[in-house]
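Participant: I would like the atomic coordinates for the input below:
(one chain, ligands or ions: 1)
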Amino acid sequence: MSNLNIETKCVQGGYTPGNGEPRQIPIIQSTTFKYATSSDMGKLFDLEASGYFYSRLQNPTCDTVAAKICELEGGTAAMLTSSGQAASFFAVFNIASAGDHVVSSSSIYGGTYNLFAVTMKRMGIDFTFVSPDCTEEELNAAFRPETKAVFGETIANPALTVLDIEKFAKAAHAHGVPLIIDNTFATPVNCRPFEWGADIVTHSTTKYMDGHGGAVGGCIVDSGKFDWTKYPEKFACLCTPDESYHGVTYTERFGLEGAYITKATAQLMRDLGSIQSPQSAFLLNLGLESLHVRMQRHCENGLAVAKALAADDRISWVTYPGLEGDKYYDLAQKYLPNGTCGVVSFGVKGGRAAAEEFMKHLKIAAIETHVADARSCCLHPASATHRQMNDEELAAAGVSPDLVRFSCGIESAEDLIADIKQALDKVQF
Ligand SMILES: *Cc1c(COP(=O)(O)O)cnc(C)c1O
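Facilitator: Residues are numbered from 1 along each chain as shown. The predicted model follows:
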């Protein structure tokens, strides 16, 4: 399917039924799989044969949907996880352990920030956060001998900064480490980070990919391009025998195209068990079938709402990378020429209190922690997702106290704008 357009891959990727087989992907709701002899099963445990034995590690429905996302991103291997958080954690933990270090953009999802700065730090992994706008010199200065990866978001949630993926890839590769990109907000419909030098992509499939608020999930895709064997000591976990898995050396047995995802499955899924349920994977696949159509509408609505807000004098500022004059407009034109996302950030004049008052009066957009859904929704990050951060950390994450994150759904743009106007009319300025 690699030569087909993204729209066709959204609808048909990952699954080609044979004669008389179901047209829609089957939900294999089974924890376990049957074998005739113990030696048949033994070969699976030794990773000598491929097949299923227990759904904590792999499930056919999940693998079918992972294969579709793999095709969408242009990767060589992929796995689903139970959530976007699990995807971010596995993507980094697969190659970084206690004593190691990771360079991350400071403009990332609040949950990822907590995962890195608090929980993974407790595991002994140190993170240096750099501004996405840093110079090459500042970026290079963040690396240490024990650095194992670089992390960033294509379009950051909720700051809506656009990452200069080529700049980050160049620095990562100059220091012999992979670039991991969270591509949740852009989706592969609008940006494919591998085409710009990224090595691994993660997703919260909970967002646009599912798109209907139906199932929490995540995904990791490997480009197969990062050559771990060039740095056998730094990436000993992939290049030397894994004694916990019958002495398999992942790069030797599975090649560059399969080593990283096989290790994450065989080791991390086995031990941490963050598999997506087959039912959720089925719902995710329904979402993927219309991803290209929905993304187009999300982006049209995002731009229309951003323009209307920019023209309203009760709004102090608007951030939307697809809006001409936005700080990230040029980077968006480069990396996301067909559209960015449906999320618009803005400040209501009068600050925090006015923002909360405005949101209360919205009738179409609901106040939700969620984002990137077919139904419009909004959130005040400073009092919700980012409430653990102090003002300094908020500023580094690109979140001001008056910021409203407005996620345009796929309703009528005219109705969304009218709803925003009537809510602003009710605010006392
Ligand atoms: C929501 C989100 C996550 C976390 O995903 P969950 O599915 O909620 O665990 C990670 N990254 C980004 C950019 C997100 O928006």
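Participant: what's the pLDDT at the residue of the stretch 51-200 of the chain found nearest the ligand?
Facilitator: With Cβ to the nearest ligand atom, the shortest gap between the stretch 51-200 of the chain and the ligand falls at residue 84, namely 2.2 Å. All C-beta spots, glycine's among them, are computed from the backbone N, C-alpha and C. pLDDT for residue 84: 98.
Participant: now do the residue lying closest to it once chain neighbours are set aside, the pLDDT please.
Facilitator: With Cβ to Cβ, 6 or more residues apart in numbering as the criterion, residue 84 has its nearest non-adjacent residue at 2.5 Å, and that residue is residue 204. Residue 204 is assigned 98 on the pLDDT scale.
Participant: can I get stretch 303-321 in CSV, CA atoms only?
Facilitator: The C-alpha coordinates for stretch 303-321 follow below in CSV (Å, rounded to 0.1, in the frame of the first residue of the first chain):
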residue,chain,number,x,y,z
LEU,A,303,-9.0,28.7,10.7
ALA,A,304,-12.5,30.2,10.5
VAL,A,305,-12.8,30.4,14.3
ALA,A,306,-9.2,31.8,14.7
LYS,A,307,-10.0,34.5,12.1
ALA,A,308,-13.3,35.5,13.9
LEU,A,309,-11.5,35.7,17.3
ALA,A,310,-8.7,37.7,15.8
ALA,A,311,-11.2,40.3,14.5
ASP,A,312,-13.1,40.5,17.9
ASP,A,313,-11.8,43.3,20.2
ARG,A,314,-12.8,41.4,23.4
ILE,A,315,-10.1,38.9,22.6
SER,A,316,-6.6,39.9,23.7
TRP,A,317,-4.6,37.4,21.6
VAL,A,318,-5.1,34.4,19.3
THR,A,319,-2.7,31.6,18.6
TYR,A,320,-3.4,29.3,15.7
PRO,A,321,-0.4,28.2,13.6
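Participant: what is the rounded mean pLDDT of it?
Facilitator: Mean predicted confidence for stretch 303-321 is 97.
Participant: ok so, going back, list the contacts of the residue of the stretch 51-200 of the chain closest to the ligand.
Facilitator: Contacts here follow Cβ atoms under 8 Å, 6 or more residues apart in numbering; on that basis residue 84 touches 109, 111, 182, 184, 202-207, 216-218.
Participant: now, those that are in helices?
Facilitator: residue 111 (DSSP state H).
Participant: make CSV out of the contacts of residue 84 and add distance to residue 135 and neighbour count.
Facilitator: CSV is the format used below for the contacts of residue 84 (distance: Cβ to Cβ, whole Å; neighbours: other Cβ atoms under 10 Å):
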residue, distance to residue 135, neighbour count
109, 24, 24
111, 28, 16
182, 23, 29
184, 26, 30
202, 26, 27
203, 29, 31
204, 30, 29
205, 34, 32
206, 34, 25
207, 31, 23
216, 38, 19
217, 37, 28
218, 32, 28
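Participant: keep only those of the contacts of residue 84 that are in strands.
Facilitator: Taking DSSP state E as the definition of strands, the contacts of residue 84 contribute 182, 202-204, 218.
Participant: and stretch 132-140, is it in reach of the ligand?
Facilitator: No: figure legend: stretch 132-140 not in contact with the ligand (Cβ under 6 Å from any ligand atom); closest approach 13.4 Å.
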